[in-house]
Each structure stands twice: as C-alpha cells, then as structure tokens.
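S.K.: Got a predicted structure plus its sequence, pasted below:
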Amino acid sequence: AQSVTQLGSHVSVSEGALVLLRCNYSSSVPPYLFWYVQYPNQGLQLLLKYTTGATLVKGINGFEAEFKKSETSFHLTKPSAHMSDAAEYFCAVYNTNAGKSTFGDGTTLTVKP
Amino acid sequence: DTAVSQTPKYLVTQMGNDKSIKCEQNLGHDTMYWYKQDSKKFLKIMFSYNNKELIINETVPNRFSPKSPDKAHLNLHINSLELGDSAVYFCASSQGRGGTEAFFGQGTRLTVV
C-alpha cells in the first residue's frame, strides 16, 4: 500500500521568506513523486516530479524538492515566497505496482505582505 | 487551446436527478481519470481509463458510471444525485498509466440541493 502525508494543512509565510512544505510517503516499491499546485477555482498543475536520477529536482516558479529515501520525504521548498505563490499544494506518489497515484491532503500556503 | 476541457464548469441540480459531466483532452494521451475533490479539498481518484479500458475503479457508488467513447473522451454520468455528491469533479489525462504527470481540467463544481 502507498500513502502520502503532508505535515501542516496550513502554512503561512511572509513575502520574501523561505517556503517549506513537508511531504512524507510510504511505498513498497521505488516511488514516483510529484508536487502539484492548485490556484483558486482551477485544476491542479504540475510543479515538479521525481522519477529516477538526481534527487534534487527543480520545478517551475522557483520551487524545488529533494527526494530523501532514508527519510521517505519529498519536501518542497522555495527560497523567497511571492504573493502569487498563495495556493493549495498537493504531494502525490505513484506506485508502479498499483498503477495509480495517491494524493496527500494538501497544504494551503498563505503569503503575508 | 485548452488541453483538458470539462463541461459544464458549474452544475446545480436537485436531489434525485441524473446528470452528466463531459471531458475531452487534445493531448493525445491514452489514459484519463476522474477525481473528486470534497469541501476540505481532499482529492480522491474515482476512475481511470486507458485506451477506453477501465483500469481503476475505486470504491465509488454504482450510481457513478464513467464512459469512454474514445481515448480522447471520458464522461461521467451520475444517477439519483445525493447531497453528498456535492464536490468539484476533475478530469485529468496522462501518457501511460500514471507514472507521468497528469494534466487536469478546470473542474466541474457540482452542487446538489
């Protein structure tokens, strides 16, 4: 079985501050990991993904995430938050055996001026 | 040019009615999905089709029936609508069976009154 846990359903940062959104996963096989962003009244959009290879993955809008197998984590970071980063963020794990993705419960990011 | 398009965007209907949501993708993908996002923004997969074949059928009431006339279309028909069916329904597509990123539609906000 696979699962995803996003620690912190709400994260609030000041504009210009570091953004850190936490994601831990469990998977019985090497996982494919994804971060998606959902802006209000829109569908999900891929930020970045990890499949194999380099464990530090860079995505769009200045976000990056590091796959740490020993910690079963795939935390999302951005050095400096922008007001436009305010959105809902979802971590997801794809299990090749199950043939489907499981999404975390989401983290709402608020950016204060 | 919209990649994954859903219609309608909003749907308000009375309990007991039957309604359909349509989805089309022009990305040439061979896998399509229906997801349900509840009021707490939790995202759960409902169904997945690969080349018109049903490959994922989660624990969903049989009032929900997906239909894929071709690999570019996946419709969702819901019979005897209930209050608890109120949610945002997202259609998505991907190349392959899910190990790659999914492209999401804008969502259909269904409200059952």
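M.R.: Arrived safely.
S.K.: Where does chain B get nearest to chain A, which residue?
M.R.: Residue of chain B nearest chain A, by Cβ to the nearest Cβ: residue B:104 (3.3 Å). In this view, the C-beta of every residue, glycine as well, is placed from N, C-alpha and C.
S.K.: among the helices and strands of chain B, which has the poorest mean pLDDT?
M.R.: Every helix and strand in chain B was compared by mean pLDDT, DSSP states H and E; the lowest is strand B:53-57, with a mean of 87.
S.K.: Beyond that strand, next helix or strand please.
M.R.: strand B:64-70 (DSSP states H and E).
S.K.: Return the list of helices and strands in contact with the worst-scoring helix or strand of chain A on mean pLDDT.
M.R.: Lowest mean confidence among the helices and strands of chain A (mean pLDDT, DSSP H and E): strand A:100-103, at a mean of 87. Other helices and strands packing on strand A:100-103, by 3 or more Cβ pairs under 8 Å, 6 or more residues apart in numbering or on different chains; DSSP states H and E, are strand A:3-7, strand A:87-95, strand B:43-50.
S.K.: Relative to residue A:106, how far out is the most centrally placed residue in chain B?
M.R.: Central residue of chain B (Cα atoms, centre = their mean): residue B:34, 3.1 Å from the mean position. Here residue B:34 is placed at a distance of 18 Å from residue A:106 (Cβ to Cβ, to the nearest Å).
S.K.: One more: residue A:2?
M.R.: Using Cβ to Cβ, we find residue A:2 at a distance of 17 Å from residue A:106.
S.K.: what does residue B:89 give?
M.R.: From residue B:89 over to residue A:106 (counting by Cβ to Cβ), the distance is 17 Å.
S.K.: same check, this time on residue B:39
M.R.: Taking Cβ to Cβ, one finds residue B:39 at 12 Å from residue A:106.
S.K.: Is the residue nearest to the centre of chain B bridged to anything, and to what?
M.R.: residue B:47, residue B:91 (DSSP bridges).
S.K.: what about residue 105, how many residues close to it?
M.R.: No chain in the question, so chain A it is. 14 (other Cβ atoms under 10 Å in any protein chain shown).
S.K.: please go with chain B instead
M.R.: Residues contacting residue B:105 under the criterion other Cβ under 10 Å number 27.
S.K.: That one and residue B:73, how far apart?
M.R.: 12 Å.
S.K.: between the strand or helix carrying residue A:76 and strand A:3-7, how big is the angle?
M.R.: For residue A:76, the host element (DSSP H and E) is strand A:73-78. Orientation note: strand A:73-78 sits at an angle of 40 degrees relative to strand A:3-7 (axes from the mean of the first three to the mean of the last three Cα atoms, to 10 degrees).
S.K.: at contact distance from chain B, anything in strand A:73-78?
M.R.: No - on the criterion Cβ under 8 Å from any Cβ of the partner chain, strand A:73-78 is out of touch with chain B, staying 14.7 Å away.
S.K.: Nearest residue to the residue of chain A found nearest chain B in space, ignoring adjacent ones along the chain?
M.R.: Across chain A, no residue is closer to chain B than residue A:43, which sits at 3.3 Å (Cβ to the nearest Cβ). The shortest distance from residue A:43 to any non-neighbouring residue, by Cβ to Cβ, 6 or more residues apart in numbering or on different chains, is to residue B:104 (3.3 Å).
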